[in-house]
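K.L.:
Quick check, what structure comes out for this input:
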Amino acid sequence: MRYGERTAVDGLSFEVESHTITAVLGPNGAGKTTTLETCEGYRRAQAGTVRVLGLDPVRQRHELIPRIGVMLQSGGGWSGARADEMLRHFAKLHANPLPTDLLMERLALHECGRTPYRRLSGGQQQRLGLALALVGRPELVFVDEPTAGLDPQIRRGVWELLEELRADGVTVVLTTHYLEEAERLADKVHILDQGRLVASGSPLELTRGGTVATIRLVVTQPFPEGAPQALARALGDSTELTVLDALSLQVSGPADGTTLATVAAWCADHDVLPESLSLGQRNLEDVFLELTGREDFA
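P.N.:
As a prediction, this is how the structure comes out:
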């Protein structure tokens, strides 16, 4: 997909497995929105092939629409319509809708059911958007930033609902700028950058390994004078040592057994008794930054 001279999606190819939650991540301008809008049938691919539930989302749109749900990041609501009116109206458009009262309860919408859409808070609009996407019992649902603007308690409720959908056989395609959300929910993650796919895998597969390990050491007594400096010399220039306080320090260095062995030997040589010694694991945000070099992943 190109816009003028700019290539927004460049030979991108991936699959979403049925009955899973798949997260599509990427920095601003990576091509996420264009890709998903193409899958949803709002845009026609300029080259290549797109199939959603085995259907062409443009040519076979009328067959596809009853089987999918789409939650937009913003907009899509009628300014003067009340929240409960909108949800009931959308339910009547489907042959076998979910009970609207159930969705209102699960997404904490009862408190604002009689409120016009334009007066809903951003978080309430997000929850209503998710309810509208789910009310038709879709086989596949696209959710764009489902928990943006939500407080932690309601966010966890949305997570539980998405996990229940997966357990019931619904396929979920998720975009989010909360990488911890993707790490918790997703069975598979696709990371995009500059219109291309740069990594795919489960959160565990993507975060396993790496070139840098982080070791945090907490001791029972304050470090002997000069001991941290001695450890830094023993570790060498390829390792960074930070004294956090009188009883703890952090080491970042090559992800191999040598770094850990050097720390253990230093403890023995300086009569340092560890209270805890933990080896840190990369998270999805670390992987994202390594691959894209950017933090603007909204």
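
K.L.:
From now on I want contacts and neighbour counts done on CA atoms only, so please keep to that.
P.N.:
OK.

K.L.:
Now do the buried residues in stretch 265-273.
P.N.:
For stretch 265-273, burial by neighbour count (16 or more other C-alpha atoms under 10 Å) applies to 266, 267, 272, 273.

K.L.:
Among these, which lie within strands?
P.N.:
Secondary structure from DSSP state E places none of those in strands.

K.L.:
And the strands in the stretch 101-250 of the chain?
P.N.:
Per DSSP state E, counting those that start in this stretch, the stretch 101-250 of the chain carries strands over the ranges 140-144, 171-175, 188-193, 196-201, 212-219, 240-245, 248-254.

K.L.:
okay, these in TSV with mean neighbour count, distance to residue 155 and mean pLDDT next?
P.N.:
Shown next, in TSV, are those (neighbours: other C-alpha atoms under 10 Å; distance: least, C-alpha to C-alpha, whole Å; pLDDT from 0 to 100):
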stretch	mean neighbour count	distance to residue 155	mean pLDDT
strand 140-144	25	14	95
strand 171-175	24	14	96
strand 188-193	24	20	96
strand 196-201	17	24	95
strand 212-219	19	30	82
strand 240-245	14	33	88
strand 248-254	20	32	83
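
K.L.:
With distance to residue 46 as extra columns, can I get the ones you listed in JSON lines?
P.N.:
Listed next are the strands of the stretch 101-250 of the chain as JSON lines, based on distance: least, C-alpha to C-alpha, whole Å:
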{"stretch": "strand 140-144", "distance to residue 46": "22"}
{"stretch": "strand 171-175", "distance to residue 46": "22"}
{"stretch": "strand 188-193", "distance to residue 46": "19"}
{"stretch": "strand 196-201", "distance to residue 46": "16"}
{"stretch": "strand 212-219", "distance to residue 46": "41"}
{"stretch": "strand 240-245", "distance to residue 46": "49"}
{"stretch": "strand 248-254", "distance to residue 46": "45"}
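
K.L.:
so what's residue 259 up against?
P.N.:
The contact partners of residue 259, by C-alpha atoms under 8 Å, 6 or more residues apart in numbering, come to 235, 253.

K.L.:
Ramachandran angles for it?
P.N.:
Torsion angles at residue 259 (phi, psi; degrees, to the nearest 10) stand at phi -60, psi -50.

K.L.:
Kindly provide the distance from it to residue 219.
P.N.:
Remark: distance between residue 259 and residue 219 (C-alpha to C-alpha, to the nearest Å) = 18 Å.

K.L.:
again, but for residue 245
P.N.:
According to C-alpha to C-alpha, residue 245 stands 10 Å off from residue 219.

K.L.:
Residue 201 too?
P.N.:
Residue 201 is 37 Å from residue 219, where distance means C-alpha to C-alpha.

K.L.:
Can you show me the helices along the stretch 1-150 of the chain?
P.N.:
32-39, 61-64, 83-92, 100-106, 122-134 (DSSP state H, counting those that start in this stretch).

K.L.:
Now do the fourth one: distance to the chain's middle.
P.N.:
When you say that, I think you mean helix 100-106. Relative to its parent chain, helix 100-106 has a centroid offset of 25 Å by C-alpha atoms, centre = their mean, to the nearest Å.

K.L.:
I'd say residue 238 and residue 253 touch.
P.N.:
Yes: between residue 238 and residue 253 there is a contact under C-alpha atoms under 8 Å: 6.3 Å.

K.L.:
What values do phi and psi take at residue 54?
P.N.:
Dihedral angles (degrees, to the nearest 10) for residue 54: phi 80, psi 0.

K.L.:
count of residues packed around it?
P.N.:
Neighbourhood size, residue 54 [other C-alpha atoms under 10 Å]: 9.

K.L.:
Same check on residue 293?
P.N.:
Using other C-alpha under 10 Å, residue 293 is surrounded by 12 other residues.

K.L.:
so what's it up against?
P.N.:
So residue 293 contacts nothing (C-alpha under 8 Å, 6+ apart).
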